[in-house]
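A.B. asks: Need a 3D model of the following:
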Amino acid sequence: MTRLLRFDMPATGEGRRWLVGVRVGSQCREVRAALVAAAGHGLEMTPAVVGAMTAEVPRSARALFAANAPGSELPAAVLAGLRAQLAETQASLVQELLAELGVAPSRVLALGVDDPGLWHFQGSVPVGYAGLCDAARLAEWTGLSVIDAFPARDLAQGGQGGPLTALPEWLLLRDAKKSRVLVQLGRTIRTSYLPATTEDRPAARVLSFDAGPGTSLLDRLAERLTAGEHHFDPGGRLAVQGRRLPELLEHWLADPYFDRPPPRWHPLGVRPERFLTESLELAVREDWSVRDLLCTATHFLARSVAAALTRRLPEDARIDEVIVSGGGQRNGLLLHEMGRAVELPLVKAEQLGAPDEALGAAAVALLALLSIDQVPANPTSITGVDVPRVLGRLTPGSPQQWQRLLGVIAGTEPAARPLRSAV
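C.D. replies: All right, here's what the predicted structure looks like:
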């Protein structure tokens, strides 16, 4: 268990609502939980992160998830076992988080859960999602009502299934004067445009999409360089020993992937294989070292971010600041080259009170709160959905907690009403 992260939060007042968000990592290696307190409703709310904590997923559960290759079918008994193990880990983490923060579970309105899930594809297009959350067990063990399975409703309306946390991230990181871009340097790089709140209808201008491959490309090259001894390039120290290969860099940047406009997202991310297979053959022919490939790949990631900002954001989008999060921010060479490529100030999310341990889980908590407030969190411009819908599946907690949540929902005006309700 990692240490507790506790944040300074504005004094609580009447009407502040408390939710816990839980996010399972994309590789099912860790679970992160965050407690969020929010004043106001819907896209007008003002949230604050109270605290966060992380736990490792049991090795047996990690092995079960890793054995589920994309497109394979996990036997029902194995899937049930994986969900039960995750539920036990999640329940223990939530209980410990609340205990450490001194917050009684009865004060928490609901528990939001997001996980990598199991996806069904037609070709490369996602058409089905089965979450890993055992909502019934989790509700029994915590007493909290659980909101999960957020991608399913988006898929049912013709969307991609994600990215779904763009609006919550805007709520957490928005600024009255600055328009920001959040660059998440994970296994795939995702960019999110977060307009200033003083812009006209700022929530409608939020945009989020995959910018290109991420640290998985560097990891694969580092493994090849060290014959499997290192699974990543620590701090970019190997890449800095190489040289940039202009021919390869331009070849990668000319990939047809970058010609696709948003919505652009995939649950498995941007696979590095499409950039590696042909390039490694070329490297052998041209006698390029893997250090050269690593150096060039680092420049490539930085340039793909810059291309996303110049080519894929609205023409009138103003960018005052770039916020960086994700494991890639520990790569000094990548940050340096990205700063040069985008020609904008780089700020780490943790400097704004949203470190990686808290940001993802807090966004899930707000995704659950938007569901309670009946606000669709999947704009067509982000997921490609035909009609935006309220997301999430609700499983009741204890009777008292469930009655309280029903009262909140009953008193909430939906963000959009069907035409027939006006007749």
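
A.B. asks: so where is the chain shaky, pLDDT-wise?
C.D. replies: Low-confidence segments of the chain, defined by pLDDT under 70: 1-2, 9-14, 68-74, 228, 230, 415-423.

A.B. asks: swap the cut-off to 80 and go again
C.D. replies: 1-3, 8-15, 67-76, 224-232, 234-235, 277-278, 280, 284, 413-423 (pLDDT under 80).

A.B. asks: domain parsing for it?
C.D. replies: The chain breaks down by automatic domain parsing into domains covering 5-167+356-422, 176-352.

A.B. asks: could the ones you listed go into TSV alongside mean neighbour count?
C.D. replies: Every residue, glycine included, has its C-beta placed from N, CA and C. Output for these, formatted as TSV (neighbours: other C-beta atoms under 10 Å):
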stretch	mean neighbour count
domain 5-167+356-422	19
domain 176-352	18
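
A.B. asks: Need phi/psi at the closest residue to residue 373 other than its chain neighbours.
C.D. replies: Excluding its sequence neighbours, the residue lying closest to residue 373 (C-beta to C-beta, 6 or more residues apart in numbering) is residue 42, at 4.6 Å. Dihedral angles of residue 42 (phi, psi; degrees, to the nearest 10) stand at phi 60, psi -140.

A.B. asks: Surely residue 42 is in contact with residue 375?
C.D. replies: Yes. Between residue 42 and residue 375 there is a contact under C-beta atoms under 8 Å: 4.6 Å.

A.B. asks: Let me see the contact set for residue 249.
C.D. replies: 296, 299-300, 303 (C-beta atoms under 8 Å, 6 or more residues apart in numbering).

A.B. asks: what about it, distance to residue 273?
C.D. replies: Distance of residue 249 to residue 273, given as C-beta to C-beta, to the nearest Å: 18 Å.

A.B. asks: Name all residues that make contact with residue 241.
C.D. replies: 291, 295.

A.B. asks: try it again with 7 Å
C.D. replies: Residue 241 makes contact with residue 291 under the criterion C-beta atoms under 7 Å, 6 or more residues apart in numbering.

A.B. asks: same question, the one 3 residues further on
C.D. replies: With C-beta under 7 Å, 6+ apart as the criterion, the residues that contact residue 244 are 295-296, 299.

A.B. asks: Helices - which of those residues land there?
C.D. replies: Among the contacts of residue 244, DSSP state H puts 295-296, 299 in helices.

A.B. asks: could you dump the residues you listed to JSON lines with distance to residue 329?
C.D. replies: As requested, these are arranged in JSON lines below (distance: C-beta to C-beta, whole Å):
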{"residue": "295", "distance to residue 329": "18"}
{"residue": "296", "distance to residue 329": "20"}
{"residue": "299", "distance to residue 329": "17"}
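
A.B. asks: of all these, which comes closest to residue 46?
C.D. replies: Set against residue 46, the nearest of those by C-beta to C-beta is residue 299 (39.6 Å).

A.B. asks: Quick check, the closest one in contact with residue 337.
C.D. replies: Yes. Assessed by C-beta atoms under 7 Å, residue 299 is found in contact with residue 337 at 5.5 Å.

A.B. asks: a strand runs through residue 111, doesn't it?
C.D. replies: Yes. Under the criterion used here (DSSP: H, G, I helix; E, B strand; the rest coil), residue 111 sits inside a strand.

A.B. asks: For the closest residue to residue 117 other than its chain neighbours, give me its contacts.
C.D. replies: What sits nearest to residue 117 in space, not counting adjacent residues and going by C-beta to C-beta, 6+ apart, is residue 131, at 4.8 Å. Counting by C-beta under 7 Å, 6+ apart, residue 131 makes contact with 115, 117, 148-149.

A.B. asks: Of the residues you listed, which belong to strands?
C.D. replies: Using DSSP state E, the subset of the contacts of residue 131 located in strands is residue 148.

A.B. asks: could the contacts of residue 131 be laid out in a markdown table, adding distance to residue 182?
C.D. replies: As requested, the contacts of residue 131 are exported to a markdown table (distance: C-beta to C-beta, whole Å):
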| residue | distance to residue 182 |
| --- | --- |
| 115 | 21 |
| 117 | 23 |
| 148 | 24 |
| 149 | 25 |
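
A.B. asks: Between the contacts of residue 131, which sits nearest residue 226?
C.D. replies: Once C-beta to C-beta is applied, the member of the contacts of residue 131 that ends up nearest residue 226 is residue 115, at 31.4 Å.

A.B. asks: Was I right to think the closest one contacts residue 133?
C.D. replies: Yes. Using C-beta under 7 Å, residue 115 makes contact with residue 133 at a distance of 5.9 Å.
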